[in-house]
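Novice: Build the 3D model from these lines:
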Amino acid sequence: MREGPRAWLWRGVVGLFLTFLLLLLYALWLLGPTGKEALVRVPKGATAQEVARTLEEAGLVRSAYPFSAYLRFSGKARKLVPGVYRLRGEGAFRLARALTGGVRPLTVTLTFPEGLRAQDYARRLQEAGLPGEAFLRLVEDPGPLKPPFVEGRGLEGYLFPATYTFDLLATPEELVRAMLDRFRMELTPEVEEALGRLGLSVHAWVTLASIVQQEAGAEAEMPYIAGVFLNRLERGMPLQADPTVAYALGKPLPALDRKAGDFAVDSPYNTYRYKGLPPGPIANPGRAALRAVLSPKRQDEGGRPYLYFFHAQGRLFLNADFEGHLRDLALHR
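Specialist: Residues are numbered from 1 along each chain as shown. Prediction:
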């Protein structure tokens, strides 16, 4: 018995419905959970297609195409937040929500103590997965990033020691800007007024503070050491600061060797050979050292200017004359 047109029509409808149902199930499977976990990076300005491909390669989605299409048609492609994420393959919808503000990108918090050099900063950044080497190149040749008060070529001294939280995608420019911005917070109108009274430029201030930072064994000593150096500068005496020689040679301070001729090195940073301040800071001083230069202790109880100092027995010895300095050295060292 021949089937009528209505039967064929029903068969066609059922066929189309089953096809649509299979396609829908397939699409849901493609967008569904994969159970994988991965660390992924969403670069700034990345397109939906690029992000989807990254997730596919990480095993977080089964196919980049439907996820990319979902991001575009839902409007979420415009809301993607760049950063580094640790994600689980819990389905396209949850992943899209995570990448558009639902999950905070991973960050790294680093502390830079007072007195470190730029190369020490770079090493710490590199160890934390940040672009330390590029950071150091930018510090040494900052171009338009260099503030007008920096008189030298590089930014040594102006990378303010503090605790910073960086995006794991932070660029060298962002790292340097963060540290320079933190330094600018120290340059208050009161500080500029104090520098004017002392006759110091910002560069001279930071340079001297960097030497004080390296010479002092404790914060309480800093105003006295700053006083000695300011008195010496005023009288045209060489600073004779060991840390400047260490910086000139690229050595740590304990590695200096007088017998090997280290103190005779011909460098403008060698304050045994050249009077005045070195060309620039020898490290990155903290607030205590910077403030010590602004509030120095320059005289003893008799009103005589401090010109000599040394450390012994865990304390700082100060003298206004060379004879007293030699006498104390003989007694306490």
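
Novice: can you give me the strands in the stretch 151-300 of the chain?
Specialist: Counting by DSSP state E, counting those that start in this stretch, the stretch 151-300 of the chain has strands at residues 163-167.

Novice: low-scoring stretches of the chain, by residue?
Specialist: For the chain, applying pLDDT under 70 flags the ranges 1-3.

Novice: Of all the helix elements in it, which one is longest?
Specialist: Longest helix in the chain, counting residues (DSSP state H): helix 5-31.

Novice: And the next helix or strand past it?
Specialist: Using DSSP states H and E, the helix or strand that follows helix 5-31 towards the C-terminus is strand 37-42.

Novice: Name the residues of that next one that come out as buried.
Specialist: When burial is assessed from 16 or more other Cβ atoms under 10 Å, strand 37-42 yields the following buried residues: 38, 40, 41, 42. Quick note: C-beta positions are derived from backbone N, CA and C, even for glycine.

Novice: That strand: what's the following helix or strand?
Specialist: Remark: after strand 37-42, the chain's next helix or strand is helix 48-57, criterion DSSP H and E.

Novice: tell me which residues in that next one are buried?
Specialist: Judged by neighbour count using 16+ other Cβ under 10 Å, the buried positions of helix 48-57 are 48, 49, 51, 52, 53, 54, 55, 56.

Novice: Check the offset of the helix or strand just after it from the chain's centre.
Specialist: Sequence-wise, the next helix or strand downstream of helix 48-57 (DSSP H and E) is helix 64-73. Taking Cα atoms, centre = their mean, to the nearest Å, the mean C-alpha location of helix 64-73 is offset from the chain mean by 37 Å.

Novice: Now do helix 64-73: everything it contacts.
Specialist: Residues external to helix 64-73 that are found in contact with it (Cβ atoms under 8 Å, 6 or more residues apart in numbering): 27, 30-31, 48-49, 51-53, 55-56, 61, 76-77, 80, 92-93, 95-96.

Novice: now it and helix 48-57, what's the angle there?
Specialist: Relative orientation of helix 64-73 with respect to helix 48-57: 140 degrees, computed using axes from the mean of the first three to the mean of the last three Cα atoms, to 10 degrees.

Novice: The helix or strand that helix 64-73 is followed by: partners in the sheet, and parallel or antiparallel?
Specialist: As assigned by DSSP H and E, the chain's next helix or strand after helix 64-73 is strand 83-88. Applying DSSP bridges, strand 83-88 is found paired with strand 37-42 (antiparallel).

Novice: Let's see the partner strand as CSV, backbone CA atoms only.
Specialist: Extracted in CSV, the C-alpha atoms of strand 37-42 (Å, rounded to 0.1, in the frame of the first residue of the first chain):
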residue,chain,number,x,y,z
GLU,A,37,42.9,22.5,34.7
ALA,A,38,45.5,24.9,33.2
LEU,A,39,47.3,28.1,33.5
VAL,A,40,46.5,30.4,30.6
ARG,A,41,47.6,33.9,29.6
VAL,A,42,45.2,36.3,27.9
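
Novice: List of residues touching it?
Specialist: Contacting residues not belonging to strand 37-42 are listed as 51, 54-55, 58-60, 80-89, 99, 105, 168-169 [Cβ under 8 Å, 6+ apart].

Novice: Just the buried ones among these, please.
Specialist: The neighbour-count test (16+ other Cβ under 10 Å) applied to these identifies 51, 54-55, 58, 60, 80, 82-85, 87, 89, 99, 105, 168-169 as buried.

Novice: Residue 235: neighbour count?
Specialist: Number of residues near residue 235 (other Cβ atoms under 10 Å) recorded here: 10.
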